[in-house]
Structures are given as structure tokens and as C-alpha cells.
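>>> Kindly return the folded structure for what I paste below:
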Amino acid sequence: MSKKDLVVKRIAELVRAGATLTSYTCPVCGTVLVRLKTGEYYCANCEKTVVVVKSEEEAQRAAEIYRLNEVRQIIFNKILAVGKEVGELDSDELIDRLRVLSMLIDIYEKLSKFSLQKQGE
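Okay, the predicted model is just below:
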């Protein structure tokens, strides 16, 4: 089965699951976007959600939110990595790692609140 056939099959499956075909196309590959039940636009070829904007201001805001979420994900991954180390440390190292973990969690929470605030603007 060709790549194009697989994309058409994915789109059909999404539509059967309640998604809607739209008049928008993916800015990366040109494939028609579907709007999922969640309201998100999705490219079945790139297998990614796509943000549809109507102005340069909306594009800027969407880019800021995307970057914030990327940083938030990096912090989350660091939290997981430090959390795995905690069980293998002696008491002095443990205290240091717990301080780092606490700071990372604080930063993650602040980024989450800020991201929600930006999305609500």
C-alpha cells in the first residue's frame, strides 16, 4: 500500500470516528486537515495536530504557546530523570537532588499556569 493510500485510509478512519473534513490544508505537506471531535485540526500525513490561525497576531500567540509547552515538556522530562536518581543516592546527594526536584516542580507549575493564561488570552 502506498503512502498516499495510507493517508487516505487514516483520514477515512478519523472521519468514521467523528472527525470532519475541512477546507484547510497542512502548511507542511499540503494534505487536507480534519477537525477532530476535540476541535483540534489534524494532518493524517504528518500525524500531528496543526494550529489554524487567521492573523499574524494569532500565529505569534500560537508559536509562543507551542514554545512554552516545549520548555514545559523538557522540565517534565528532567523531573522524571531526577526522580529516578533519587532511589540510588546516599543522604547528602539525596538532599541535593530533592532540592533540584523541588525547583523543577516549581518551574513546571509556573510554566503550566503561564501557558494556561496565554491560551486564555
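
>>> For the rest of this, base every contact and every neighbour count on C-alpha atoms.
OK.

>>> Does residue 28 belong to a helix, a strand or coil?
coil (DSSP: H, G, I helix; E, B strand; the rest coil).

>>> tally of neighbours for it?
Residue 28 is flanked by 10 other residues according to other C-alpha atoms under 10 Å.

>>> What residues sit buried inside the lengthiest strand in the chain?
Taking DSSP state E as the criterion, the chain has its longest strand at strand 20-25. Along strand 20-25, these residues count as buried under the neighbour rule (16 or more other C-alpha atoms under 10 Å): 20, 21, 25.

>>> In this structure the last one contacts residue 42, no?
Okay, so that is residue 25. No: contact criterion C-alpha atoms under 8 Å: residue 25 and residue 42 do not qualify, at 9.6 Å.

>>> Now the common contact residues for these two.
Both residue 25 and residue 42 are in contact with residue 33, where contact means C-alpha atoms under 8 Å, 6 or more residues apart in numbering.

>>> So for residue 27, what's the pLDDT?
What the model reports as pLDDT for residue 27 is 87.

>>> State the number of residues packed around residue 89.
Residue 89 - counted by other C-alpha under 10 Å - has 12 other residues nearby.

>>> Compute the number of surrounding residues for residue 84.
Counted with other C-alpha under 10 Å, residue 84 comes out at 10.
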